[in-house]
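**Q** give me a 3D structure for the following:
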Amino acid sequence: MSEQITLKVVKREEKGKGPNRQLRMKGIVPGVFYSKESNIPVKMDLLPLEKVFRQVGTSHLMTLDINGEEPQPVIIKQLVRHPYKNRIDHVDFYGVDMKKTVRIQVQIQTTGKPVGIEKGGVLTIYRDSIDIECLPSDIPEIITLDVSLLEVNESINVQDIVMPKGVTALFDENYAVAGVDALAEEAEDEDAESESKE
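**A** You can find the predicted model right below:
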């Protein structure tokens, strides 16, 4: 789990497109804090939000300080950027129950150099993130995948990945996450050789 990061926000009285547009012109981002108890419109300065988002993205737990009241554990559920201006237009925070599991996407990071590369293969990442389920306090920073033993035409499937304690991978089909593929020319040569033997 990442070091706990806190973002200070205040309750937002402004509602509607016009007032929210005025907020954005002042460098303030409108948002909503969603929880089972209530949905609270909030607003915050753009720069602190940008900094926090670079640290936690949409995959990690953080704390929302609303009006200096009791901090709320949250995940950034959705962040909407302006279509062509470099700014965040809206953000949704999802309040989590620390005693209940959450479903979330976590990035995959590979380590090691596949042995298949020395034999002319190329490492291909088929998925850069996977869906997991765990308690909020168990959300990992990343899922590390050791690819050093992969030969040409071998891959690692999602069910082969050793998950951190308390973390379960979610999938319907046992899809490939990373593999070592033969280069196109070599694959064509192999096909030609197999055809000549027939």
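**Q** so who does residue 169 touch?
**A** 130, 131, 132, 158, 159, 161, 163 (C-beta atoms under 8 Å, 6 or more residues apart in numbering). Heads up, the C-betas are built off the backbone N, CA and C, glycines and all.
**Q** go with 7 Å
**A** 130, 132, 158, 161, 163 (C-beta atoms under 7 Å, 6 or more residues apart in numbering).
**Q** which stretches in the chain count as strands?
**A** 6-11, 28-34, 39-45, 62-66, 72-81, 88-95, 102-111, 121-125, 129-134, 143-146, 154-157, 168-169, 176-182 (DSSP state E).
**Q** any chance of these in JSON lines, plus mean pLDDT and distance to residue 53?
**A** Formatted as JSON lines, the strands of the chain follow (pLDDT from 0 to 100; distance: least, C-beta to C-beta, whole Å):
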{"stretch": "strand 6-11", "mean pLDDT": "95", "distance to residue 53": "9"}
{"stretch": "strand 28-34", "mean pLDDT": "95", "distance to residue 53": "10"}
{"stretch": "strand 39-45", "mean pLDDT": "95", "distance to residue 53": "11"}
{"stretch": "strand 62-66", "mean pLDDT": "94", "distance to residue 53": "9"}
{"stretch": "strand 72-81", "mean pLDDT": "93", "distance to residue 53": "6"}
{"stretch": "strand 88-95", "mean pLDDT": "95", "distance to residue 53": "7"}
{"stretch": "strand 102-111", "mean pLDDT": "93", "distance to residue 53": "14"}
{"stretch": "strand 121-125", "mean pLDDT": "95", "distance to residue 53": "23"}
{"stretch": "strand 129-134", "mean pLDDT": "96", "distance to residue 53": "16"}
{"stretch": "strand 143-146", "mean pLDDT": "95", "distance to residue 53": "20"}
{"stretch": "strand 154-157", "mean pLDDT": "96", "distance to residue 53": "30"}
{"stretch": "strand 168-169", "mean pLDDT": "96", "distance to residue 53": "25"}
{"stretch": "strand 176-182", "mean pLDDT": "95", "distance to residue 53": "26"}
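**Q** can you list those strands in a markdown table and add distance to residue 19?
**A** Output for the strands of the chain, formatted as a markdown table (distance: least, C-beta to C-beta, whole Å):
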| stretch | distance to residue 19 |
| --- | --- |
| strand 6-11 | 14 |
| strand 28-34 | 8 |
| strand 39-45 | 10 |
| strand 62-66 | 19 |
| strand 72-81 | 17 |
| strand 88-95 | 13 |
| strand 102-111 | 32 |
| strand 121-125 | 44 |
| strand 129-134 | 36 |
| strand 143-146 | 42 |
| strand 154-157 | 50 |
| strand 168-169 | 43 |
| strand 176-182 | 45 |
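**Q** which of the ones you listed sits closest to residue 51?
**A** strand 6-11 (8.8 Å; C-beta to C-beta).
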